[in-house]
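S.K.: structure for the following, please:
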Amino acid sequence: MKDLIGRPGSVSGLALRVGQCAFASAAIGVMVSALGFSSFTAFCYLIASMGLQALWSFGLACLDIYALTRKRDLQNPILVSLFVVGDWVTATLTLAAACSSAGITVLYSRDLGFCKQHLHLPCNKFQISVAFAFITWSLTAISSHVMFWILLASV
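M.R.: Numbers count the residues shown, from 1 in each chain. I've put the predicted structure just below:
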């Protein structure tokens, strides 16, 4: 199991963490630049969830950089179990935030037609931010599955 793609302390693991952090930050940036996002609870939850994801991914990316530069192995069972719990919690929060925000976006842009009636709503920015959130979740899901398999192999 030491050669899994995305394992902690590897270049592919670092790439996953950097991607998670970058797309979570992009989702935050696009949503914050959309005027009026704060009137929707789902969008505020998206900001909070992506903020937590960005911090978690940044911290683990720094740990991956440390492991790569010092040639350290990050696959002891206690550390991996911490990674598993953190990844699964952030993945669940990220998916919930992306789905709730997507629901609001679809409701206003397609079902109710608010975006056509109220041109001041930046619906395109909402959609882009939600897309970034789903990309973040897919990268987090990959990481959490890899960590789960590593944890199973170490037990």
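
S.K.: L46 - how many residues pack around it?
M.R.: 30 (other CB atoms under 10 Å). Placement of C-beta: from N, CA and C, glycine included.

S.K.: phi first, then psi, for it.
M.R.: Main-chain dihedrals, L46, degrees, to the nearest 10: phi -60, psi -40.

S.K.: that one against L95, yeah?
M.R.: No. Assessed by CB atoms under 8 Å, L46 is found out of contact with L95, at 11.2 Å.

S.K.: any low-confidence regions in the protein?
M.R.: 1-2, 119-120 (pLDDT under 70).

S.K.: so what's the residue most central in space within it up against?
M.R.: Geometric centre of the chain, nearest residue: T136, 3.6 Å, by CA atoms, centre = their mean. T136 makes contacts with Q20, F23, A24, A27, M50, Q53, T94, A98, as judged by CB atoms under 8 Å, 6 or more residues apart in numbering.

S.K.: need the three-state assignment for the fifth one.
M.R.: What that stands for is M50. helix (DSSP: H, G, I helix; E, B strand; the rest coil).

S.K.: give me the outermost residue of this protein relative to its centroid.
M.R.: Computed with CA atoms, centre = their mean, the most peripheral residue in the chain is Q117, at 32.2 Å.

S.K.: any idea how far A102 is from it?
M.R.: From Q117 across to A102, the span is 21 Å (CB to CB, to the nearest Å).

S.K.: residues contacting Y45?
M.R.: Counting by CB under 8 Å, 6+ apart, Y45 has contacts A96, A97, S100, S101.

S.K.: host element of the first one?
M.R.: Right, A96. Per DSSP states H and E: A96 is located in helix 77-106.

S.K.: what helices or strands is the following helix or strand past that helix leaning on?
M.R.: Once the chain leaves helix 77-106, the next helix or strand it forms, by DSSP H and E, is helix 114-117. Judged by 3 or more CB pairs under 8 Å, 6 or more residues apart in numbering; DSSP states H and E, helix 114-117 is in contact with no other helix or strand.

S.K.: pull out the buried residues from the contacts of Y45.
M.R.: A97, S100, S101 (16 or more other CB atoms under 10 Å).

S.K.: please name the nearest non-neighbouring residue to the second one.
M.R.: Ranked by CB to CB, 6 or more residues apart in numbering and with sequence neighbours excluded, the top spatial neighbour of S100 is A42, at 4.1 Å.

S.K.: all set now, cheers.
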